[in-house]
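Q: what would the 3D arrangement of this be:
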Amino acid sequence: MTVSDAAEQQEQPWSRRRLRSTNERLLLDRLRALGAASRAQLARETGLSKPTVSSALASLEAAGLVHEVGTHAPERGRTAVLYAPDPAAGYALGVDIGRGWLRVAVVDLDGTVVARADVRNRARASAQLADLVVGTARQVIGNSGVDPAGVVHGVVGTPGVYDEKQRRVRYAMHLPGWGRAGLVDRMREELGVPLEVHNDANLAALGEYTYGVGTGSRLFAYILIGTGLGMGVVSEGRLFTGAHGLAGEIGFLPWPGRHKPERLEDAVSGVAVVEAAREFGMSGQLTAKAVFDAARQGNPAALRAVELEAERIAHTVAAAAAVLDPDLVVLGGGVGHSVDLLLRPVQEQVRALTPLRPRIAPSRLGEDAVLLGAVATALDTARDLVFERRTAGT
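A: I've put the predicted structure just below:
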């Protein structure tokens, strides 16, 4: 009999229920890490007795949280039944709101995407954008074949910072009217799903830590370069947001512009690339992508614009290195897609600017970084909620 087994016999009924719940959650988490395991393996992994493991597994199976996934026949001994978490016990919703695109996904509790939609953000007002989010989320949930009641939690990534007290998004300058109070509450009510709202760069950092190049990093900074500029910081697997949720808002740093002082965001963004290309002689309907494509073809004006962008990104990296001492800096977002042109000059400029030497790498997740960060964050809460609801009263 293990210590936990003996304690279970001695505790009062409410304490025994709590201990059983603790054991069940321990087994569920271990199964999630292992993928599938037998009773004997779980007993070895957790230190619980085989009877305790059997009882907990039976409760989890009755609650629909685990299921049998096969058997294992060892060379010696009896065939063992293998158990794994049931991914269909609940679902989570991830939303990435960008100026150009809206991305929405529904995932099961294993994190597998069961339905997804990427749609152009053509909304010209905040109410239209809220309608687009709700309508697209409903469509994705409908296409997934999942009972809407099974979607237990959602996370929305957006430019700016969500103010919990005032219940509105602040500093989302590139989404006009998006800071209006009541929009998030309206989306929650119309979707019928609890929604958290987080800064897009922070979620991109979490996505990159969970699924991308940031895995295993002790402290890394994700620099999101697109329509605007943002940074997410992950330390020891946890997001660092500061006292008011504003950590990483590097776009507000001052920058000595050519003609007048400006913000760093005005100098390091897709818009800045286009403006620099025009100053150097390019004309026509320009986008940041068009400028980078022209640079690949050897266009002199485009090459000068890319060189200037690399210099400005290097200053951003050097500032992050001095303040945070990261072991890794990840370049992501729309401009981050052009790291084939930017990475080497950024590295060279950083070496010229500072003795600090963080590793600089492109995002592995690309355009999906924010969405996958939203999914990962939503899953953490969804798994807790599903466990609590399905084991309540047992």
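Q: buried residues in the top helix by length along the chain?
A: Assignment by DSSP state H gives helix 300-324 as the longest helix of the chain. The neighbour-count check on helix 300-324 (16 or more other C-beta atoms under 10 Å) flags 301-321, 324 as buried. C-betas here are computed from N, CA, C, even on glycine.
Q: how about stretch 334-341?
A: Those would be 334-339, 341, for stretch 334-341 by 16+ other C-beta under 10 Å.
Q: please apply the same query to stretch 230-237.
A: 230-234.
Q: same deal with stretch 345-355?
A: Quick answer for stretch 345-355 (16+ other C-beta under 10 Å): 345-347, 349-350, 353-354.
Q: between these, which is nearest Gly192?
A: Nearest to Gly192 out of the buried residues of stretch 345-355 is Val346 (C-beta to C-beta; 45.0 Å).
Q: in what helix or strand does the closest one lie?
A: Secondary structure from DSSP states H and E places Val346 in helix 339-353.
Q: that older thread, restricted to strands, list the buried residues of stretch 230-237.
A: 230-234 (DSSP state E).
Q: low-confidence stretches in the stretch 201-350 of the chain?
A: 257-260 (pLDDT under 70).
Q: ok, now which ones touch the residue nearest to Ile250 when sequence neighbours are not counted?
A: Once flanking residues are discounted, Ile250 sits nearest to Met231: 4.9 Å by C-beta to C-beta, 6 or more residues apart in numbering. Contacts for Met231 were tallied using C-beta atoms under 8 Å, 6 or more residues apart in numbering; they are 201, 205, 221-224, 248-250, 320.
Q: same question for Val193.
A: Val193 sits in contact with 93, 137, 148, 151-154, where contact means C-beta under 8 Å, 6+ apart.
Q: closest one of the buried residues of stretch 334-341 to Thr381?
A: Nearest to Thr381 among those, with distances taken as C-beta to C-beta, is Gly336, at 28.2 Å.
Q: isn't that closest one right up against Leu229?
A: No - taking contacts as C-beta atoms under 8 Å, Gly336 lies outside contact range of Leu229: 11.0 Å.
Q: pretty sure Ser38 sits against Thr79.
A: No - counting by C-beta under 8 Å, Ser38 does not reach Thr79; the two are 9.4 Å apart.
Q: tabulate the buried residues of stretch 334-341 (a markdown table), appending distance to Leu42.
A: Output for those, formatted as a markdown table (distance: C-beta to C-beta, whole Å):
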| residue | distance to Leu42 |
| --- | --- |
| Gly334 | 46 |
| Val335 | 47 |
| Gly336 | 42 |
| His337 | 44 |
| Ser338 | 48 |
| Val339 | 44 |
| Leu341 | 51 |
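Q: which residue is the nearest non-sequential neighbour of His244?
A: Nearest non-adjacent residue to His244 (C-beta to C-beta, 6+ apart): Val161, at 7.8 Å.
Q: returning to that earlier point: narrow the contacts of Val193 to just the buried residues.
A: With burial judged by 16+ other C-beta under 10 Å, the buried subset of the contacts of Val193 is 93, 137, 151-154.
Q: now, which of those residues sits nearest Leu19?
A: Nearest to Leu19 among the buried ones among the contacts of Val193, with distances taken as C-beta to C-beta, is Val152, at 25.3 Å.
Q: OK, contacts around the closest one?
A: Taking C-beta under 8 Å, 6+ apart as the test, what Val152 contacts is 90-92, 193-194, 382, 385-386, 389.
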